[in-house]
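1. Coordinates for the following, if possible.
(one chain, ligands or ions: 2)
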Amino acid sequence: MTEVALTQPRSVEDYTLLLQDMNGHMERLGHLITSLLTLARADEGNIPFEREAVRLDVLAEAVATTIEPLAAERSIVFDRHVEANVTVMGDEARLMQVAMNLLDNALMYTSKDGHVTLYLEKTSTHALLRVQDSGIGIPAEHLPHIFERFYRVDSARSRSAGGAGLGLAITKWIVTMHDGTITAESQSGKGSQFSVTLPLAKEIALSSHSHQSMVSSANEHVLSGRGVHHLKQRKETNPA
Ligand SMILES: Nc1ncnc2c1ncn2[C@@H]1O[C@H](COP(=O)(O)OP(=O)(O)OP(=O)(O)O)[C@@H](O)[C@H]1O
Ligand SMILES: [Mg+2]
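-> Ligands and ions are numbered 1, 2, ... in the order given. The predicted structure is shown next:
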């Protein structure tokens with residue numbers, strides 16, 4: 001791309017577009033490298049996991065606060081239904097990545113005027129985090145494979161959106177490391193729902209982090225490309 005651009009002088013506008021394009025490519029590469037490193041380290045078993053009390057309700061509200069403007073930008077209606085006082089034991093940053101990855105997909109694979117909803121509920125033993133969308137859905141024959149590494153339902157579509165097909169593999173790994181489960185239900189053309197269950201913390205433990213500090217780390221996820229990278233890129237390369 002740069003070789004062709006450098007063959008002759010170009011206008012400031014052309015150079016600006018080129019730099020914006022390159023910025024998008026760098027973002028995608030950065031995201032891909034982070035994902036590959038995460039999985040490589042996961043395979044080695046040498047990623048340290050925190051095990052602290054995490055208030056999932058505070059985390060879900062913080063993630064929702066970060067996601068809201070990104071959904072609005074895409075004219076997607078975003079709702080949240082978050083039950084109070086849901087505490088699990090685990091790694092707050094990794095659990096935030098789970099919510100971000102699922103919401104990234106939900107927003108990415110839902111078109112304008114669609115709906116995305118984040119739910120958090122609890123049973124007597126488990127927390128249940130669900131991300132539901134009214135998007136393009138996943139055909140039944142693909143559904144059993146979407147948690148596999150590099151699996152994309154429609155690679156042409158995903159490539160244009162910058163997807164590497166690693167988000168759900170990482171998400172499943174994090175959930176499994178928390179003794180949880182993740183399942184997907186979908187109807188092609190109608191939408192999808194991803195459900196995560198995590199065991200509740202046995203004893204009542206106080207979370208060390210406030211809503212505001214979690215909003216800051218949720219924003220950081222977006223800025224560092226660890227979550228909602230597709231949407232961030234879209235914003236950068238297409239500011240309108
Ligand atoms: N909510 C959804 N609606 C429709 N298709 C989805 C949804 N979530 C995932 N998919 C399909 O599953 C595939 C795998 O998702 P995954 O998050 O692992 O990869 P990705 O989004 O393509 O890339 P990335 O590694 O950047 O997350 C996607 O490419 C897409 O085809
Ligand atoms: Mg993804």
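
2. average model confidence for stretch 44-54?
-> The predicted model gives stretch 44-54 an average pLDDT of 87.

3. The residue in the chain that ligand 2 sits nearest to: what's it in contact with?
-> Using CB to the ion, the closest approach of the chain to ligand 2 is made by Gly167 at 2.9 Å. In short, each C-beta sits where N, CA and C put it, glycine included. By CB atoms under 8 Å, 6 or more residues apart in numbering, the residues touching Gly167 are 35, 101, 104-105.

4. Nearest to ligand 1 among these?
-> Comparing the contacts of Gly167 against ligand 1 with CB to the nearest ligand atom places Asn105 closest, at 3.4 Å.

5. Identify each buried residue in the longest helix belonging to the chain, please.
-> Across the chain, the longest stretch assigned as helix under DSSP state H is helix 12-44. Across helix 12-44, burial judged by 16 or more other CB atoms under 10 Å covers 18, 24, 27-28, 31-32, 34-35, 38-39, 42.

6. ok so, going back, among the contacts of Gly167, which are located in helices?
-> Judged by DSSP H, helices contain the following of the contacts of Gly167: 35, 101, 104-105.

7. what's the closest of those residues to Val215?
-> Of all those, Asp104 has the smallest distance to Val215: 17.1 Å, by CB to CB.

8. from memory Ile146 sits against Leu168, does it?
-> Yes: the criterion here is CB atoms under 8 Å, and Ile146 meets it with Leu168 at 5.5 Å.

9. Let's see the pLDDT reported for the most centrally placed residue in the chain.
-> Nearest residue to the geometric centre of the chain (CA atoms, centre = their mean): Asn101, 1.6 Å. Looking at Asn101, its pLDDT is 96.

10. Just confirm it contacts Ile170, I think it does.
-> Yes: taking CB under 8 Å as the definition, Asn101 is a contact partner of Ile170 at 6.7 Å.

11. before we move on, back to that, please list which of the buried residues of helix 12-44 are also close to ligand 2.
-> When contact is defined as CB under 5 Å from the ion, those do not meet ligand 2 at all.
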